[in-house]
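K.L.:
Have a look at this prediction, sequence included:
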Amino acid sequence: MIILLIWVAVLIAVVVLYLKQVYSTFSRHGIKHFKPVPILGNLGKVVFRKHHYARDFINLYNSFPEERFVGRFEFLTESVVIRDIELVKKITVKDFEHFLNHRTFGENTFFARTLFFLKGQEWKDMRSTLSPAFTSSKIRLMVPFMVEVGDQMILSLKKKIKDSEGGYVDIECKDLTTRYANDVIASCAFGLKVDSHTDEDNQFYAMGKTATTFNFRQMLMFFLLINAPQLVKFFKYDMISEPIKKFFRSLVRDTMKDRDLHNIIRPDMIHLLMEAKKGQLSHEDVKPNDEAAGFATVEESAVGQKDLNRVWKDDDLIAQAFLFFVAGFESISSTMTFLLYELAVNPEVQERLAKEVREYDNNNGGKFDFNSIQNMTYMDMVVSELLRRWPPAVVMDRMCNKDYNMGKPNEKAEKDFILRKGCGIQIPTFAFHHDPKFFPEPEKFDPERFSEENKHKINPLT
Ligand code: HEM
């Protein structure tokens, strides 16, 4: 019994010493941070749902106004949160070679093969492969699919209203926009026609919903992926369950096979992935500030324009299709939901936006295409302000892959801080967007910030 007690005491002492060592990283270098709680680090309030993740970052950001960067512990893992916007620019532009990769999220998992988590040269090559798929000329061809899905949503809403007793229906907006986003991605990314407003439990919607719901199993996996990736690798765990992977795999494979067999060409993501596989997805000569680029698309980056000979496996391309689903599903639906909310509480914005849409509708004879979107300047202002106030990606992250001198944490500090290889950084987008120094009265929804007269006042780094 005594021996057992001694062993327990030794074990506890080792754990305490280990935690002390881990959680003293920032104090040893004079970097400000909130006191961590053993095991949870600074994530306690998020894990127990007392704080939204975004609110957690705002708290940290606002609590240390003199600091250029501060520390944060996610469970046992430390990361440095950047407060100095000029340092963000250095990290993401001039010194980007030190920060090419996102933080590791398990190796050899389905997710790890997606563009978001690929590393180094493989990321550059995949980016180069996919980049032409996101230029304005390709998105232009997909707008009719989005319009078709929009029409089908309106039709279903009208029918529900007609069938109702009082001539109106109550709508859960997040459900409505999630179904719209689902159907757009099904059509644009997978070449599949579904109507989730009418056929509410269709398999594509059900699979997507399961894949993007953060339940207990996924929470546990998330913890292990961050803190014990080797364990995850050993047990071959994956965030995405086998039936879901199987569903998306066969969907993409069967669609590709069917198209090859019947020579079907539909200008969607599946087609672009098939072209990429054959090495036929060519890069475009889009000039900087090309008007055709519009606000909805980006220019191809230099990374994306490199010629490349890599041959991708089917599974690599399937993982990208799946990423389009995951990346688009929540971002589109939450953006649209917040838009509906802001339009409801700001009726003057709603009226002006509706007027602009109606005007273009009349001028275009009821036809809605990519040009219509580009001509709607007020729509651009409203969407920009929406993404300012409610950015779906509240924080961005990177992993340091070469030791990096971050400079001094504050003006009074004596020593520079060297960020070691393997340490993560976080860029608190949501906090920058709500800093009154950059956006006066940040809680006010004010599209005028992005008007022709005002937009030059916005710091482009924010
Ligand atoms: C309002 C809508 C959206 C927002 C705010 C948004 C935001 C972001 C952000 C912040 C990143 C991380 C960038 C980085 O760390 O370098 C990202 C990456 C990515 N997003 Fe989105 N996104 C949106 C919609 C979409 C949609 C609709 C798709 C595809 C159909 C998509 C596909 C991707 C991909 C593939 C990446 C990885 C890029 C790379 O690592 O090279 N996103 N997005």
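P.N.:
Thanks, I have the structure now. Numbering: from 1, shown residues only.
K.L.:
quick one: Ser333 and Glu172 touch, right?
P.N.:
No. Here Ser333 does not reach Glu172: they are 11.6 Å apart, not a contact under CB atoms under 8 Å. C-betas here are computed from N, CA, C, even on glycine.
K.L.:
ok, now how distant is Ser128 from the ligand?
P.N.:
10 Å (CB to the nearest ligand atom, to the nearest Å).
K.L.:
more crowded one of Ser333 and Glu172?
P.N.:
Neighbours per residue (other CB atoms under 10 Å) separate Ser333 from Glu172, with Ser333 holding more: 23 against 9.
K.L.:
And the pLDDT for that one?
P.N.:
Note on Ser333: pLDDT of 94.
K.L.:
Which of the helices or strands spans it?
P.N.:
Per DSSP states H and E, Ser333 falls inside helix 314-345.
K.L.:
So which bits of the stretch 1-150 of the chain are right by the ligand?
P.N.:
Within the stretch 1-150 of the chain, the positions near the ligand by CB under 6 Å from any ligand atom are Leu115, Phe116, Arg127.
K.L.:
tell me the contacts of the second one?
P.N.:
Under the criterion of CB atoms under 8 Å, 6 or more residues apart in numbering, the contact list for Phe116 reads His102, Leu323, Ala327.
K.L.:
where does it fall, helix, sheet strand or coil?
P.N.:
What DSSP: H, G, I helix; E, B strand; the rest coil gives for Phe116 is coil.
K.L.:
cool, and the last one?
P.N.:
Reducing the assignment to helix, strand or coil with three-state DSSP, the entry for Arg127 is helix.
K.L.:
I'd like the mean pLDDT over the helix or strand where Met219 lies, please.
P.N.:
Met219 belongs to helix 216-227 when assigned by DSSP H and E. If you average the pLDDT over helix 216-227, you get 73.
K.L.:
Quick one: the strands in the stretch 1-150 of the chain, in order.
P.N.:
Taking DSSP state E, counting those that start in this stretch, the strands of the stretch 1-150 of the chain run over residues 69-74, 77-82.
K.L.:
tell me how far the first one is from the chain's mean position?
P.N.:
Put plainly, it is strand 69-74. 21 Å (CA atoms, centre = their mean, to the nearest Å).
K.L.:
chain center to stretch 102-118: distance?
P.N.:
Relative to its chain's centre, stretch 102-118 lies at 14 Å (CA atoms, centre = their mean).
K.L.:
What about Ala228, how many residues nearby?
P.N.:
Around Ala228 there are 14 residues (other CB under 10 Å).
K.L.:
I'd like the numbering to begin with 754 instead of 1 from here.
P.N.:
Yep, numbering from 754; the last one is Ala981 now.
K.L.:
got the contact list for it?
P.N.:
No contacts exist for Ala981 under CB under 8 Å, 6+ apart.
K.L.:
With Val775 instead?
P.N.:
Counted by CB under 8 Å, 6+ apart, Val775 has contacts Phe826, Leu829, Glu831.
K.L.:
Can you tell me how far the nearest residue to the first one once chain neighbours are set aside is from His786?
P.N.:
Here the nearest residue to Phe826 in space, its sequence neighbours aside, is Gly794; by CB to CB, 6 or more residues apart in numbering that works out to 3.0 Å. To His786, Gly794 is 10 Å away according to CB to CB, to the nearest Å.
K.L.:
got it, and Thr965?
P.N.:
31 Å.
K.L.:
one step back: distance to Asp1188 and mean neighbour count added to the strands of the stretch 754-903 of the chain, as CSV?
P.N.:
Shown next, in CSV, are the strands of the stretch 754-903 of the chain (distance: least, CB to CB, whole Å; neighbours: other CB atoms under 10 Å):
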stretch, distance to Asp1188, mean neighbour count
strand 822-827, 14, 23
strand 830-835, 13, 22
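K.L.:
Make a markdown table out of those and add distance to Asn955.
P.N.:
Formatted as a markdown table, these follow (distance: least, CB to CB, whole Å):
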| stretch | distance to Asn955 |
| --- | --- |
| strand 822-827 | 36 |
| strand 830-835 | 39 |
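K.L.:
Let me have these in JSON lines, extended by distance to Ile1023 and mean pLDDT.
P.N.:
Output for the strands of the stretch 754-903 of the chain, formatted as JSON lines (distance: least, CB to CB, whole Å; pLDDT from 0 to 100):
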{"stretch": "strand 822-827", "distance to Ile1023": "36", "mean pLDDT": "96"}
{"stretch": "strand 830-835", "distance to Ile1023": "36", "mean pLDDT": "96"}
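K.L.:
Now do the host helix or strand of Val937: distance to the chain's middle.
P.N.:
Using DSSP H and E, the element containing Val937 is helix 926-943. Relative to its chain's centre, helix 926-943 lies at 16 Å (CA atoms, centre = their mean).
K.L.:
And for the residue lying closest to Lys872 once chain neighbours are set aside, the neighbour number?
P.N.:
Nearest residue to Lys872, sequence neighbours excluded (CB to CB, 6+ apart): Asn854, at 4.7 Å. Neighbour count of Asn854, defined by other CB under 10 Å: 17.
K.L.:
Okay, and the beta partners of Asn854?
P.N.:
Applying DSSP bridges to Asn854 gives these bridge partners: Met1152.
K.L.:
Distance-wise, check the closest residue to Tyr806 other than its chain neighbours relative to Asp923.
P.N.:
Spatial nearest neighbour of Tyr806, excluding adjacent residues (CB to CB, 6+ apart): Val799 at 5.4 Å. Relative to Asp923, Val799 is positioned 31 Å away (CB to CB).
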